[in-house]
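In: sequence unavailable; structure follows:
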């Protein structure tokens, strides 16, 4: 599986991606909105293996792809879409990037490509995402790709002793086509 954008290649994970994922998942800024206080190489190996295993499922319903910066041929994160209900044609997306590549439009570029894949290749009707409400940059990514905020879930998640609100965003196929 391969998706291409102007600056990125998004492909299925392979085992040799694990060291690059470990590097970015070990950064304190990355860990801020995760339950993990730290990551070990074994944790990350298991994380990457989960995505590799998902590639073999039939029918495939989870497409978590390594995000590769073309100009450096370097893994800088991951982005994916997961079909929640094939009958209702509904899926959700998620993404994460190495903190060194934040603020450069890569998350928006990857998220746009995965939503495009969801509508054009997977035939989805509705694609949604959530983000921690305090994560303003992630909310902006979702808005830039055409999603609308549909909900505000108060104190939805407890992370390291702090309750965080969630924003829920979505885009419908007809809204995507109208863009």
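Out: Yep, that arrived. All figures in this text were calculated on a predicted structure; none of them were measured in a lab.

In: quick one, strands of this structure?
Out: Counting by DSSP state E, residue ranges of the strands within the chain are 2-4, 8-12, 62-69, 74-85, 90-97, 126-132, 148-159, 162-172.

In: may I see these arranged in a markdown table, with mean pLDDT, mean neighbour count and distance to residue 29 as well?
Out: Just so you know, the C-beta spots here come from the backbone N, C-alpha and C atoms, and that holds for glycine as well. Converted to a markdown table, the strands of the chain look like this (pLDDT from 0 to 100; neighbours: other Cβ atoms under 10 Å; distance: least, Cβ to Cβ, whole Å):
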| stretch | mean pLDDT | mean neighbour count | distance to residue 29 |
| --- | --- | --- | --- |
| strand 2-4 | 96 | 13 | 26 |
| strand 8-12 | 98 | 19 | 21 |
| strand 62-69 | 98 | 22 | 17 |
| strand 74-85 | 97 | 20 | 13 |
| strand 90-97 | 97 | 21 | 11 |
| strand 126-132 | 97 | 22 | 13 |
| strand 148-159 | 97 | 12 | 14 |
| strand 162-172 | 97 | 18 | 16 |
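
In: what's the closest of those strands to residue 38?
Out: Nearest of the strands of the chain to residue 38, taken as Cβ to Cβ: strand 148-159 at 14.0 Å.

In: off-centre distance for that closest one?
Out: Centroid separation between strand 148-159 and its chain, computed with Cα atoms, centre = their mean, to the nearest Å, is 17 Å.
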